[in-house]
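[1] below is the structure, and that's it, no one-letter string:
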């Protein structure tokens, strides 16, 4: 037992000390934190600076259309457009809107002049205002007044509320659940691939450097294989743990530094508290929404708050760990059967196919996380690590979850047993092209 | 007493029988040569002794006890297919391998320092293995094989890849270790080194042991009762004077001296031959022709095939 710890330690340390590991560990959280921060920041941006817009309205029909708002200040100019164009570079207006006079029809053309390219947002904003005004005039011309029209419009605010077992209400966000599920499924997919092929390469390295026979004269081949798999599992867990801690670290630091600008200090504290809990969230979200002065920022926080981080991180760790363990045993078996990495191709396909299938199926499951497809693929061990992660944010019955977990652990035991048989024969076999028939013999006869 | 005994070992792989009822006994503190052509089954037998593979039937005893996992730390094994982790530092790697053989870390460090000093390779401690030449790597490999002070050392083709100087250092060390009490099993094709080092041998061919015993005894057995002699002051012709029990294999006269190779047949003794020779001339030299291990090896294997 002591020896397997030595092997785990070696496998762990040589990888954690690598430059690539350190770089990945730093880059990952920056990327993820920015995924959380940027929406907050963008929501904040809108209420940022006020733009001054000069208007020369020759048609005279837009008198009350342009009202000063938080983001826009309008100034009517009483000069000719030629004069204004000359002066514009010197003036402090962001843009100049020129609405030329048209005699017969309603003026539906206008020009924006500016020193710098106007943003699409400004352009659309002005366009909307003008369109509304023209519509109004056209309606009036056809004898419908504005009130009548407004009374015919319907605007449905459909919010979805998830009832959990304790009877509390939770605001749910299908889009967010989708995004979170898909994101964690993708991460598991990549992690299984990345760390699984690290196991494979490690085995090939031991074989080609011919150290393997020296080592198996000290430890059992199975110990060597498990030591490597577990050592690399620890590397993966370390990476995930560092990512989670650093991501929340960066996020906390960022929101603290910009607390004033974001006006979310209290919100953030509440956020952090509730992330620890997985129970009733509705109440907290209401509080957050109330406390945040900016409704858009509040909305972003509410969405982030609606994610049950405890459950997701917990099940992520479980499904990553056992999904990885199950697959990496197979990767180890492949590594043991070949002499170099180029020979791995023929054996890689059957191992990677279920993973790739899972990612394809994931796109359908995310549309219908309760359906039979979602159920079966989230139960079968070879796809469950990915598909179950998609289902979790939508809520999964305890029985489904328990079954998936049980089968995944059983799958891990099975592949490890199978891989062990291939591995102990394969690592001592040199210079022989191995095919499936040969592998089957190894499994049946052992050595 | 025999330090290692393997009894009636059978091992069958999927496509062929690797060992067929092979038994060997390795006396304590001896250097035991395990000989045989490629693919004879030597490496399989060595792997069984190292508990890397298990035999289908048969038993192995180490120092009287049935072989079990705790014996791993008593055995030092230098396989034919050998190597080190290329990207790992020399010192770290040697420590790791020693710890896998149950040597405590601190103890291993002290012993390694001594060996590194002895082999004058202190400066390599923090170098990566891939930065070293092949000969340098072999030295480190050798140290890691013996660092845990095993009672039983198993070397599979130890001299392949060594330059003559390093090969000599290794040879000296093997003899030293034997003097300190280790028993050595030594698998090789290199018959010269067998001649120099081994006390006992076993010859395996096509999965069967076809010969074993002390080297001297085997040589005696395979000696053909042939002698070389040199005579001067010839009094008569050898062809005429020599008794019919003695067969001339080779005969050459040069500068009034005769060299000849003679085989004794029937029940005559070497003394009879010498007496006979004295009648022919003055005996300047008289030596038994002892077959080399190489000759025995080739004869035996060809006979068996």
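    Alright, I've got the coordinates. As the structure is a prediction and not an experimental result, all values here were calculated from the model.

[2] the stretch 151-300 of chain A: strands as residue ranges?
    Applying DSSP state E, counting those that start in this stretch to the stretch 151-300 of chain A gives strands spanning A:160-163, A:169-172.

[3] any idea which residue is closest to the centre of the chain?
    Picked chain A for this. residue A:183 (3.8 Å; C-alpha atoms, centre = their mean).

[4] I was thinking of chain B, sorry if that wasn't clear
    residue B:33 (3.2 Å).

[5] just the pLDDT for whichever residue of the stretch 101-250 of chain B sits closest to chain A.
    Per C-beta to the nearest C-beta, residue B:101 is where the stretch 101-250 of chain B lies closest to chain A, at 5.4 Å. In this view, the C-beta of every residue, glycine as well, is placed from N, C-alpha and C. On the pLDDT scale, residue B:101 is placed at 92.

[6] near chain B, which residues of chain A are found?
    A:3, A:6-7, A:10, A:14, A:205-206, A:209-211, A:213-221, A:428, A:430, A:441-442, A:445, A:447 (C-beta under 8 Å from any C-beta of the partner chain).

[7] filter those down to the buried ones, PyMOL style.
    To isolate the buried members of the residues of chain A next to chain B in PyMOL, using 16 or more other C-beta atoms under 10 Å in any protein chain shown:
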select buried, chain A and resi 3+6+7+10+14+205+206+209+210+211+213+214+215+216+217+218+219+220+221+428+442+447
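
[8] my guess is residue B:274 meets residue B:283, correct?
    Yes. With contact defined as C-beta atoms under 8 Å, residue B:274 reaches residue B:283; the gap is 6.5 Å.

[9] which residues in chain B form helices?
    Per DSSP state H, chain B carries helices over the ranges B:42-49, B:90-100, B:105-118, B:134-146, B:164-179, B:191-197, B:215-222, B:238-241, B:270-280, B:293-304.

[10] likewise the stretch 251-400 of chain A?
    Shown for the stretch 251-400 of chain A, the helices assigned by DSSP state H, counting those that start in this stretch span residues A:259-262, A:265-276, A:282-291, A:295-306, A:309-337, A:345-365, A:372-379, A:384-391, A:398-426.

[11] can I get those helices in a markdown table including mean pLDDT?
    Listed next are the helices of the stretch 251-400 of chain A as a markdown table, based on pLDDT from 0 to 100:
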| stretch | mean pLDDT |
| --- | --- |
| helix A:259-262 | 58 |
| helix A:265-276 | 48 |
| helix A:282-291 | 46 |
| helix A:295-306 | 66 |
| helix A:309-337 | 92 |
| helix A:345-365 | 90 |
| helix A:372-379 | 91 |
| helix A:384-391 | 92 |
| helix A:398-426 | 93 |
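
[12] if I pick the residue of the stretch 251-400 of chain A found nearest chain B, what's in contact with it?
    Nearest residue of the stretch 251-400 of chain A to chain B, counting by C-beta to the nearest C-beta: residue A:339, 11.8 Å away. Contact analysis of residue A:339 by C-beta atoms under 8 Å, 6 or more residues apart in numbering or on different chains lists A:204, A:207-208, A:430-431.

[13] of the residues you listed, closest to chain B?
    The closest of the contacts of residue A:339 to chain B turns out to be residue A:430 (C-beta to the nearest C-beta; 6.6 Å).

[14] surely the closest one is in contact with residue B:81?
    Yes. Between residue A:430 and residue B:81 there is a contact under C-beta under 8 Å: 6.6 Å.

[15] what's the neighbour count on the residue lying closest to residue B:8 once chain neighbours are set aside?
    Nearest non-adjacent residue to residue B:8, counting by C-beta to C-beta, 6 or more residues apart in numbering or on different chains: residue B:58, 4.4 Å away. Residue B:58: 17 surrounding residues under other C-beta atoms under 10 Å in any protein chain shown.

[16] check residue A:310 too.
    Residue A:310 has 14 nearby residues by other C-beta under 10 Å.

[17] mind checking the end-to-end distance for stretch A:83-102?
    With C-alpha to C-alpha, to the nearest Å as the measure, stretch A:83-102 spans 20 Å from end to end.

[18] centre of the chain versus it, how much separation?
    Computed by C-alpha atoms, centre = their mean, to the nearest Å, the chain-centroid distance of stretch A:83-102 equals 45 Å.

[19] in it, what's buried?
    Under the neighbour-count criterion of 16+ other C-beta under 10 Å, stretch A:83-102 has A:84, A:93-99 buried.

[20] before we move on, the earlier item: and of the helices of chain B, who's closest to residue A:191?
    Closest approach to residue A:191 among those (C-beta to C-beta): helix B:90-100, 27.0 Å.

[21] good, wrapping up.
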